[in-house]
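J.: kindly generate the corresponding structure for this input.
(chains A and B)
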Amino acid sequence: NAGVTQTPKFQVLKTGQSMTLQCAQDMNHNSMYWYRQDPGMGLRLIYYSASEGTTDKGEVPNGYNVSRLNKREFSLRLESAAPSQTSVYFCASRDGAGARGYTFGSGTRLTVV
Amino acid sequence: GQQLNQSPQSMFIQEGEDVSMNCTSSSIFNTWLWYKQDPGEGPVLLIALYKAGELTSNGRLTAQFGITRKDSFLNISASIPSDVGIYFCAGVPFLTSGTYKYIFGTGTRLKVLA
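T.: Below you'll find the predicted structure:
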């Protein structure tokens, strides 16, 4: 089915380890986003990519880096994981035509111990 | 950062009851969206609103874009058990409308008692 695919679904990291969260969409959307979801905090934007070749910081970018590899793929990297990065991470994409809502992936649940 | 205040935070209702929830902001928004999130899944778009005063329905769901452009409301009529989940409002602030960086509310957790 068309949509946004995130891998892995679950991950446990030790403090200081690094990892990359993968996201791919097959809807030919221009814009892609990474959000984190924490209890009582809603969804907060980490980074976004308005189009292929561009990335920009969101509300909570510290400790993260992103790569817009091509139009389909947008990865999120944690260089040195910290317990404060324990969260559920969602990737989303949006059709560039007008103010439409996002299509979200099913999330990656990350625990940093 | 800017936040959307969503209320209530949680609610328990009986099957068949109507549900109302709202979302408010301190600044003007150009677009309001309502999402539902099921456990273990990403949010799914329910309704999008683009003009002040707009009233839009999607089955048993009805949402309205507030006249002041600082609030939005979602109503669910005749709730059923599958309505359980977390409902999020989201919006695009007027000042950042070109970027489509949506701001999300903290969610309303709905539980339906059969």
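
J.: which residues of chain A lie near chain B?
T.: A:4, A:31, A:33, A:35, A:40-45, A:48, A:50, A:58-59, A:90, A:92, A:94, A:99-107 (C-beta under 8 Å from any C-beta of the partner chain). The C-beta positions use only the backbone N, C-alpha and C, and glycine is treated the same way.

J.: change it to 6 Å
T.: Along chain A, the residues adjacent to chain B under the rule C-beta under 6 Å from any C-beta of the partner chain are A:42-43, A:45, A:59, A:90, A:99, A:101, A:104-107.

J.: and those as a markdown table, adding pLDDT?
T.: Shown next, in a markdown table, are the residues of chain A next to chain B (pLDDT from 0 to 100):
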| residue | pLDDT |
| --- | --- |
| A:42 | 85 |
| A:43 | 92 |
| A:45 | 93 |
| A:59 | 90 |
| A:90 | 97 |
| A:99 | 58 |
| A:101 | 82 |
| A:104 | 95 |
| A:105 | 96 |
| A:106 | 95 |
| A:107 | 96 |
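
J.: out of the residues you listed, who's the most crowded?
T.: Among the residues of chain A next to chain B, residue A:43 has the most neighbours (other C-beta atoms under 10 Å in any protein chain shown), with 28 neighbours.

J.: any idea what whichever residue of chain A sits closest to chain B is bridged to?
T.: Shortest chain A-to-chain B distance, computed as C-beta to the nearest C-beta: residue-wise this is residue A:104, at 3.2 Å. Following DSSP bridges, residue A:104 is listed with bridge partners residue A:92.

J.: that one contacts residue A:91, doesn't it?
T.: No: using C-beta atoms under 6 Å, residue A:104 makes no contact with residue A:91, being 7.3 Å away.

J.: need the overlap of contacts for those two.
T.: Shared contacts of residue A:104 and residue A:91, defined by C-beta atoms under 6 Å, 6 or more residues apart in numbering or on different chains, are absent.

J.: that's all I had, so thanks and see you.
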